[in-house]
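Colleague: Fold the following for me, if possible:
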Amino acid sequence: MLASFHKECSGSPPQPGTFTLGQALQTYSHDDSGSCSYNHKAAKMRSALSNYFRKRRDVLLRELIVNCRREGEMLRILDVGGQVAYWRRFGLDFLKSQNVHITIINIVETELGPTDDAPDMFMASVGDGRSLDFPDNAFDLCHANSVIEHVGVWRDMTAFAKEIQRLAPSFYCQTPNYWFPIEPHFPMIPFNHWLPNPVRARLMQILPVAHAGRAKDLAMASDFVDSARLISRSQLCALFPATLVHAERLLLLAKSYTAVRMALPETST
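Modeller: Numbering: from 1, shown residues only. Just a heads-up that it's a prediction; the model follows:
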């Protein structure tokens, strides 16, 4: 398993198990009513592809959880900018089998979600990922999924990345690739994120180009456009130097990147 982990991080895609791309497309193309609008079909396709890639990323994260070093019996995970719903989808049974405890930090309280169904596994609180009140290596694994592109400008990303690396010897930080032609927050128009921001904001007022829908005014559109700043592989490597970077590909193009560092368990001599 450890060898396969290093192979995945070197660029070969992880095996998605029994859930293939063909099955993902089948879930979008099937329609009981026999007809549906273009927008509905497009939304179903995006959802199916998103689920497909999540399952592929799950393989990498599961390898990391199983193999990374832990201090004591419990694996302490810090999820920065996360949600409880993400881990429910990931699999509570697997997390229980690995004796995992997850501390979830999010700057927006309503994003955290309830922890009632697994109170012993989760602790959720409000916090800013750029500056957290935890000591160095307070956790075994730090996790951030599609968060770093939302924290602000470069100096904010730098502060966020330093916290990720400070708080745990192992980490997993995933982010969409700037050079992939479809921006996940603006999926309806390819190359949208390569346009000047004023043009993007104006388009969002005219058309439902973003997953948030059409903006009611320029202020709302500009705020949404500014809410995500995608980065390239070289920028991710600058934020996380000397780190394995896994590329998630669609049609040979890198759709997203994940920076991974795994601290191996100490061997007794």
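Colleague: Show me what stretch 94-111 is in contact with.
Modeller: 62, 65-66, 73-84, 87, 112, 120-129, 132, 139 (CB atoms under 8 Å, 6 or more residues apart in numbering). From N, CA and C alone the C-beta is placed, and that goes for glycine too.
Colleague: Which of those fall in helices?
Modeller: Those of the contacts of stretch 94-111 mapping onto helices are 62, 65-66, 84, 87, per DSSP state H.
Colleague: Show me the two of those that sit farthest apart.
Modeller: Across the ones in helices among the contacts of stretch 94-111, the longest distance by CB to CB is 21.5 Å; it joins Val66 and Val84.
Colleague: So between the two, which is more surrounded?
Modeller: Val84 (22 against 14; other CB atoms under 10 Å).
Colleague: who's in contact with the residue lying closest to that one once chain neighbours are set aside?
Modeller: Counting by CB to CB, 6 or more residues apart in numbering, Val84 lies nearest to Gly113, which is 3.8 Å off, once chain neighbours are set aside. Listed by CB under 8 Å, 6+ apart, the contact set of Gly113 reads 83-85, 124.
Colleague: Equivalent analysis for Val151, please.
Modeller: 81, 129-130, 157, 159-160.
Colleague: Looking at the residues you listed, which is nearest Ser232?
Modeller: Once CB to CB is applied, the member of these that ends up nearest Ser232 is Met157, at 12.1 Å.
Colleague: element containing that closest one, please.
Modeller: helix 154-167 (DSSP states H and E).
Colleague: hang on, the earlier thing: the residue nearest to Val84 and Ser125, how far apart?
Modeller: 12 Å (CB to CB, to the nearest Å).
Colleague: And Met74, by the same measure?
Modeller: 18 Å.
Colleague: show me where the stretch 1-150 of the chain has strands.
Modeller: 75-80, 100-106, 122-126, 141-145 (DSSP state E, counting those that start in this stretch).
Colleague: Mind listing the strands the first one pairs with, and their directions?
Modeller: Within its sheet, strand 75-80 is paired with strand 100-106 (parallel), strand 141-145 (parallel), according to DSSP bridges.
Colleague: now the angle from that strand to strand 122-126?
Modeller: 30 degrees (axes from the mean of the first three to the mean of the last three CA atoms, to 10 degrees).
Colleague: any weak-confidence spans in this protein?
Modeller: 1-54, 267-269 (pLDDT under 70).
Colleague: Break down it into its helices, ranges please.
Modeller: 2-9, 21-29, 38-67, 84-97, 154-167, 197-206, 218-226, 233-239.
Colleague: Check which helices and strands the shortest one sits against.
Modeller: Packing contacts for helix 233-239, counted by 3 or more CB pairs under 8 Å, 6 or more residues apart in numbering; DSSP states H and E, involve helix 154-167, strand 244-250, strand 253-261.
Colleague: Show me which positions of it end up buried.
Modeller: Neighbour counts over helix 233-239 (16 or more other CB atoms under 10 Å) mark 233, 235-236, 239 as buried.
Colleague: try stretch 109-120
Modeller: For stretch 109-120, by 16+ other CB under 10 Å, it's 112-113, 115.
Colleague: okay if I get those residues as CSV plus distance to Gly152?
Modeller: Below are the buried residues of stretch 109-120 laid out as CSV (distance: CB to CB, whole Å):
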residue, distance to Gly152
Leu112, 20
Gly113, 24
Thr115, 28
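Colleague: follow-up on the earlier one: which of the buried residues of helix 233-239 lies closest to Leu253?
Modeller: Arg233 (11.9 Å).
Colleague: ok, now how distant is the closest one from Asp133?
Modeller: Distance from Arg233 to Asp133, by CB to CB: 32 Å.
Colleague: With Leu252 instead?
Modeller: 43 Å.
Colleague: again with Leu60
Modeller: From Leu60 to Asp133 the distance is 29 Å (CB to CB).
Colleague: Then Arg70?
Modeller: 22 Å.
Colleague: Show me which of the two is the more surrounded one.
Modeller: Neighbours were counted for Arg70 and for Asp133 using other CB under 10 Å; Arg70 has more, 20 against 7.
Colleague: give the contact list for the more buried one.
Modeller: Counting by CB under 8 Å, 6+ apart, Arg70 has contacts 76, 140, 265.
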